[in-house]
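Trainee: need coordinates for the below:
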Amino acid sequence: MNNIQLFLNDKPVDLSDDNPIALTFQINDLAEVQNQQGNTSNQFKIPLTQNNRAILGYADDTSIENQNISPQMPYSQLTAKVIQNGIEVFPNAIAEINQVDDDTASITILSGNVDFFDSLGGQIADMGDSTSQWSGYGANLVWKPFDHEWNLQNVAGSQQNTEQDGWIYPIVDYGLIDPANFSAPINVLNQRPGFFIKKAIDLLVQSTGYTARGSLLNDPLYPLLIAQFSNGSWEHGFDYQNVLNQVVTVELSQNLNAVHNTNQDDTGNIGWPYIVTNWNNQFIPGTGFVAAARESVAVTVIVPHLQFTGHVAGGTPSYLNIIIWLKTPGYPDANLGQLLFDFSGGFTRQAGTDGSGLRGTGDIYNSKITVNTELQQGQGLYIGYEFHGDHPASFTLFSGAQWSVAAQNETVKYGQMVQCERILPDISQKDFLKDTLQRFGIICQTDVYTKSIIFASLNDIVNNIPIAKDWSSKCVDQGKQLNYTLGSYAQVNYMEFPTDPNILPLKLGWDEIIINDKTLSTVANDMLVSKFGPSLNRPFYGGTIAEITMIDNTTAVESDTANFSIGVQPRILVDQKIDLRNYNNASVTFTDTVNNIVVNNIISVPYFYKPDGIYNLCWCDMPSTNSQNPLPGLKSNYYGPLQKILQNTKVLVRYFLLTPRDIAELDLLIPVYLQQHNAYFYINKIDSWRKGQPCKVELVKLG
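Mentor: Residues are numbered from 1 along each chain as shown. Below is the predicted model of the structure:
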């Protein structure tokens, strides 16, 4: 076996000479810059020896059910490492069982970027769900330390927040800020938070067990980027929504009898002697439910059996209401909903005749009412009853009747806790990370020895030319192939943003890479499409603020939930701090319509692009008032080396004899030099490496 060893779950595996392990190394295929690649093996077979069967959890035996033998092994990833001549050429890898036949098992090994990106599998929102595998089943809730209350103090106080703080409530016009009156109060009920993208990616990386390093972390724009709230609804995190025991439940432990002996309407309250659950101690015996904070609740009354006796004919027939009452200090009680009990379902005659004092008894079964309402702190609920009619009546409410008040935790309300993973758009962790990497032209490389992910760029690789590896002597004469095209690029390759057709101009901020190669397709190629859209501006202190029109200002009211009815694309902004003391000691008043906070120093006024800005998040260059030159866009700042490669593409395929030491020390961020071609190359792919045999290497010429 050429001194090759495979370990699965730290146990040595028996290998077969006729099923060799071949390894492929890659970080980013320049033919597909929108995707990240990783290291993989071929699908190889291992013999089903007793040793291997035990390592694989007896995956060949369909009858295995013993949990001690792990019947889940075929559905799990195994830790793996490949050692060649004592050198770990595939350390800290993972292995997957693809198939088992009569006497062999097919295995694939994944390493490098594959391991890292496989750890990012769920939606960002899943990271606030302790039952989700993407949050470590409750052990890895990395967003939880950033939970905070949406209140006036936090909105005003967050103006100076930075990437280290995670969240911020920058001043953004969602549709109700008056552009002609900067001094008008900013209603915090109409503001929404943002979350710094660098901190969000730090949390994603942390959740995988990796750490991040590389040139991206030193880019001055990176820590200023904010994923600004622009979701269709603002929802609580899954754990907040699904917290158990956020319910008050009280029951009748014995029958309740009530008698109405007068000839007028009569009322009373139902006491609930048996408390089943008492969320936050909000049920007070003798009083009812009293809200400890602002909360949305579902109020349910269940009556399994009620017997009602009253006047059926002659005068006003008797009937009974059981009512859910809302009690607000200083105001009359309000009827939120009621159950009606009368004789419309039939009755048993007790006395009298039709039209002459007829009395009857009716049994009503399985009645229920649920009312959804929102309570402010101090508001209360209680259950009452009302007799109606001009004759005496009575009822028996049988034991087992129940009243419950359950939290409805889906939508964030002013004064409630905010779970920051729900500020970001509802996209996958992978897509969120890849979108950021594409914005900065980043190539990832995983260092499995230090468990770190390196965020580097093609610029870094070009800058590493002085330390390039000389592979001239490793190149073997087994033919060569030189291609002048790369991947599926066309003559025109778009770099795009999604736009809101009813709000923003189509193709706002787009650019393109044009390749002067008439052999390429004339059909434009969507090379890069961001998940985040651009934003326009409107006047404010500091020149402008971002405008994300989500509020229908034709029907606007002062509410934390109303009128955010206009759907938009996800948004990303550049945080800009300004000092109001430089604007004739101006001030900004934040209000929640009850209290005010005046800020007269630092505020956050973010933007996507503005002519007097320092940064430009458009793909294309844009006009600048600070210079005679345009304000460079993302393409100019981060895609220069790729444009240069594509304008004079040379993809060289040659064979190399690489040693285990070469593979163990391989750094794909460092170019190689070939004296045969007097040129430096980016290693696009090392295909099917095996010790002692030439392997195919795809190289892209730099410069």
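Trainee: pLDDT below threshold where in the protein?
Mentor: In the predicted model, the chain carries pLDDT under 70 at residues 1-2, 31, 33-36, 63-76, 244-245, 353-356, 555-562.
Trainee: what about the helices in it?
Mentor: According to DSSP state H, the chain carries its helices in the segments 50-55, 113-118, 152-157, 197-208, 238-242, 429-439, 458-463, 634-638, 640-647, 660-664.
Trainee: can you say which of those is nearest to Gly38?
Mentor: Ranking those by proximity to Gly38 (C-beta to C-beta) places helix 113-118 first, at 3.2 Å. (C-beta placed from N, C-alpha, C; glycine too.)
Trainee: out of the helices of the chain, which comes closest to Phe341?
Mentor: Among those, the nearest to Phe341 by C-beta to C-beta is helix 238-242 (35.0 Å).
Trainee: which parts of the stretch 451-600 of the chain are strands?
Mentor: Secondary structure of the stretch 451-600 of the chain (DSSP state E, counting those that start in this stretch): strands at 452-457, 469-470, 475-483, 492-496, 511-514, 525-529, 536-540, 543-547, 571-574, 577-579, 588-591, 596-599.
Trainee: dump the helices of the chain into TSV; add distance to Tyr680 and mean neighbour count as well.
Mentor: Output for these, formatted as TSV (distance: least, C-beta to C-beta, whole Å; neighbours: other C-beta atoms under 10 Å):
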stretch	distance to Tyr680	mean neighbour count
helix 50-55	44	16
helix 113-118	23	20
helix 152-157	52	18
helix 197-208	30	21
helix 238-242	50	18
helix 429-439	24	21
helix 458-463	9	19
helix 634-638	20	20
helix 640-647	12	17
helix 660-664	17	17
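Trainee: got these as a markdown table, with distance to Thr485 columns?
Mentor: A markdown table is the format used below for the helices of the chain (distance: least, C-beta to C-beta, whole Å):
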| stretch | distance to Thr485 |
| --- | --- |
| helix 50-55 | 45 |
| helix 113-118 | 25 |
| helix 152-157 | 53 |
| helix 197-208 | 33 |
| helix 238-242 | 47 |
| helix 429-439 | 22 |
| helix 458-463 | 18 |
| helix 634-638 | 21 |
| helix 640-647 | 9 |
| helix 660-664 | 29 |
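Trainee: just give the nearest non-adjacent residue to Ser233, would you?
Mentor: Ranked by C-beta to C-beta, 6 or more residues apart in numbering and with sequence neighbours excluded, the top spatial neighbour of Ser233 is Thr411, at 6.4 Å.
Trainee: quick check: the one you found touching Gly232?
Mentor: No - using C-beta atoms under 8 Å as the test, Thr411 is too far from Gly232 to be in contact (11.3 Å).
Trainee: let me see the contact set for Gly378.
Mentor: 290-291, 329 (C-beta atoms under 8 Å, 6 or more residues apart in numbering).
Trainee: so which of those sit within strands?
Mentor: Counting by DSSP state E, the contacts of Gly378 place Val290 in strands.
Trainee: which ones are touching the spatially closest residue to Ile670 that is not a sequence neighbour?
Mentor: The spatially closest residue to Ile670, leaving aside those adjacent along the chain, is Asn464, at 5.0 Å (C-beta to C-beta, 6+ apart). Neighbour list for Asn464: 669-671 [criterion: C-beta under 8 Å, 6+ apart].
Trainee: what's the answer for Asp14, then?
Mentor: 46-47, 49, 51-52.
Trainee: same thing but at 10 Å, please
Mentor: 1, 6, 46-52, 55 (C-beta atoms under 10 Å, 6 or more residues apart in numbering).
Trainee: let me know the closest of those residues to Gly346.
Mentor: Nearest to Gly346 among these: Ile55, at 72.6 Å, using C-beta to C-beta.
Trainee: any idea how far that closest one is from Asn42?
Mentor: 20 Å (C-beta to C-beta, to the nearest Å).
Trainee: can you check Gly441 too?
Mentor: Gly441 sits 31 Å away from Asn42, going by C-beta to C-beta.
Trainee: between the two, point out the one with more neighbours.
Mentor: Gly441 (22 against 16; other C-beta atoms under 10 Å).
Trainee: thought Asn637 was touching that one, still the case?
Mentor: Yes - the criterion here is C-beta atoms under 10 Å, and Gly441 meets it with Asn637 at 8.3 Å.
Trainee: okay, and the common contacts of those two?
Mentor: Asn459.
Trainee: still on that earlier bit, how about the contacts of Asp14 in CSV, adding distance to Thr104?
Mentor: Formatted as CSV, the contacts of Asp14 follow (distance: C-beta to C-beta, whole Å):
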residue, distance to Thr104
Met1, 15
Leu6, 14
Ile46, 6
Pro47, 6
Leu48, 6
Thr49, 10
Gln50, 14
Asn51, 14
Asn52, 9
Ile55, 14
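Trainee: out of those, which is nearest to Asp431?
Mentor: Checking the contacts of Asp14 against Asp431 by C-beta to C-beta gives Leu6 as the nearest, at 33.5 Å.
Trainee: what is the burial count for Ala524?
Mentor: Applying other C-beta under 10 Å, we find 12 residues neighbouring Ala524.
Trainee: find the residue closest to it in space, skipping its chain neighbours.
Mentor: Val492 (4.4 Å).
Trainee: show me where the stretch 101-250 of the chain has strands.
Mentor: Under the criterion DSSP E, counting those that start in this stretch, strands of the stretch 101-250 of the chain are mapped to 104-111, 148-149, 167-168, 186-187, 194-196, 211-213, 225-228, 247-251.
Trainee: may I see the ones you listed arranged in CSV, with distance to Gly533 and mean neighbour count as well?
Mentor: Below are these laid out as CSV (distance: least, C-beta to C-beta, whole Å; neighbours: other C-beta under 10 Å):
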stretch, distance to Gly533, mean neighbour count
strand 104-111, 34, 21
strand 148-149, 26, 14
strand 167-168, 20, 21
strand 186-187, 24, 22
strand 194-196, 15, 26
strand 211-213, 26, 15
strand 225-228, 11, 27
strand 247-251, 40, 20
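Trainee: just put those strands in TSV and tack on distance to Thr373.
Mentor: Compiled in TSV, the strands of the stretch 101-250 of the chain are given as follows (distance: least, C-beta to C-beta, whole Å):
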stretch	distance to Thr373
strand 104-111	52
strand 148-149	22
strand 167-168	29
strand 186-187	24
strand 194-196	31
strand 211-213	46
strand 225-228	31
strand 247-251	14
